[in-house]
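Participant: Got a sequence here, can you model it:
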Amino acid sequence: MSDIALAVIGGTGVYKLAELEGIERRLVDTPFGAPSDAVVDGWLNGRRVLFLARHGEGHALCPHEINYRANLWALKSLGAKSVLAINSVGGISDNMGPKVLAVPDQIIDYTWGRAHTCFGAGGTVEHVDMGEPYDAALRARILAAAAAAGVAMVDGGCYGATQGPRLETAAEIRRLHRDGCDLVGMTGMPEAGLARELGLAYACIAVVANWAAGRGDAAEITLEEVLANMAEATAQLPAVLAAMLG
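Facilitator: Residues are numbered from 1 along each chain as shown. I've put the predicted structure just below:
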């Protein structure tokens with residue numbers, strides 16, 4: 001089997017990579033149950049790429065219902081060594097408005113009750129280092145590809161991972177801002193931590209779909225606005241992927 005150039009996990013609004021050719025859908029059994037969906041195995045720019053829709057086909061899974069352990073285990077079992085996560089987020093900091101693409105370098109986990117480790121249950125217990133939660137080399141590769149493709153991306157930022165599926169209150173966003181968060185989303189953890197446990201190089205492109213509650217000039221967040229912003233912003237991602245695999 002050829003080496004996997006990259007695995008991509010698609011978030012809200014990113015349910016497939018239309019550019020993939022010669023695709024096969026792979027159903028993977030894992031020690032943690034079934035992944036969100038079949039893994040799509042295909043080719044882009046002559047390189048093998050895996051794709052997995054985080055929320056499943058038709059966006060069937062809430063953030064807290066996603067089997068993050070199975071998703072990452074499945075990608076690793078198929079040969080992936082690097083994982084690019086695409087996450088829909090809300091913008092908190094002034095430079096993180098709608099349609100912005102960012103490559104965060106830090107994360108704070110506010111989630112609860114999720115299966116967040118592959119260790120324990122009578123097996124091996126390890127304590128992985130999460131001081132720098134995103135792989136520096138993969139982050140640099142994404143940013144260089146974006147520059148080569150002429151796509152603007154913000155380098156850095158702190159992602160606040162909340163439980164969902166409801167959106168946050170304005171008071172909660174003020175708290176996240178005081179904590180140092182620039183972005184807020186619902187799927188960044190435990191995904192990043194599990195990738196580290198499994199030895200996968202992991203980085204995120206955060207796609208700002210809307211201002212977070214009480215930020216910017218948005219009085220109310222509507223689904224129509226979110227989807228329109230996501231469509232416009234994610235339309236730039238194929239060029240970045242092509243540059244990464246060129």
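
Participant: Please count neighbours and contacts with C-alpha atoms only from this point.
Facilitator: OK.

Participant: Please tell me I have it right and residue 151 contacts residue 241.
Facilitator: No - counting by Cα atoms under 8 Å, residue 151 sits too far from residue 241 to count as a contact (11.1 Å).

Participant: Tell me which of the two has more neighbours.
Facilitator: Between residue 151 and residue 241, counted using other Cα atoms under 10 Å, the more crowded position is residue 241 (20 against 16).

Participant: these two touch, right, residue 192 and residue 134?
Facilitator: Yes - here residue 192 reaches residue 134: they are 7.3 Å apart, a contact under Cα under 8 Å.

Participant: All the strands of the chain, residue numbers only.
Facilitator: Using DSSP state E, the strands of the chain run over 4-10, 21-26, 39-44, 47-53, 82-91, 101-103, 106-109, 154-155, 158-161, 183-185, 201-211.

Participant: Ok, which of those comes nearest residue 66?
Facilitator: strand 47-53 (10.4 Å; Cα to Cα).

Participant: what does the closest one rub up against?
Facilitator: When contacts are defined by Cα atoms under 8 Å, 6 or more residues apart in numbering, strand 47-53 is touched by residues 2-11, 14-17, 20, 36-43, 71, 75, 80, 245.

Participant: From those, keep the buried residues only.
Facilitator: Those of the contacts of strand 47-53 that meet the buried threshold are 4-11, 14-17, 20, 36-43, 71, 75, 80, 245, by 16 or more other Cα atoms under 10 Å.

Participant: Could you list the low-confidence segments of this structure?
Facilitator: Within the chain, the segments meeting pLDDT under 70 span 1-3, 121-123, 218-219.

Participant: Look up which residues are beta-bridged to the most centrally placed residue in the chain.
Facilitator: Centrality entry for the chain: nearest residue to the mean C-alpha point is residue 85, 3.0 Å, by Cα atoms, centre = their mean. Following DSSP bridges, residue 85 is listed with bridge partners residue 9, residue 204.

Participant: And for residue 21?
Facilitator: Using DSSP bridges, the beta-bridge partners of residue 21 come out as residue 43.

Participant: mind checking how far the residue nearest to residue 24 when sequence neighbours are not counted is from residue 80?
Facilitator: Excluding its sequence neighbours, the residue lying closest to residue 24 (Cα to Cα, 6 or more residues apart in numbering) is residue 41, at 5.1 Å. Distance check for residue 41 against residue 80: by Cα to Cα, to the nearest Å, it reads 11 Å.

Participant: cool, residue 156 as well?
Facilitator: As judged by Cα to Cα, residue 156 and residue 80 stand 24 Å apart.
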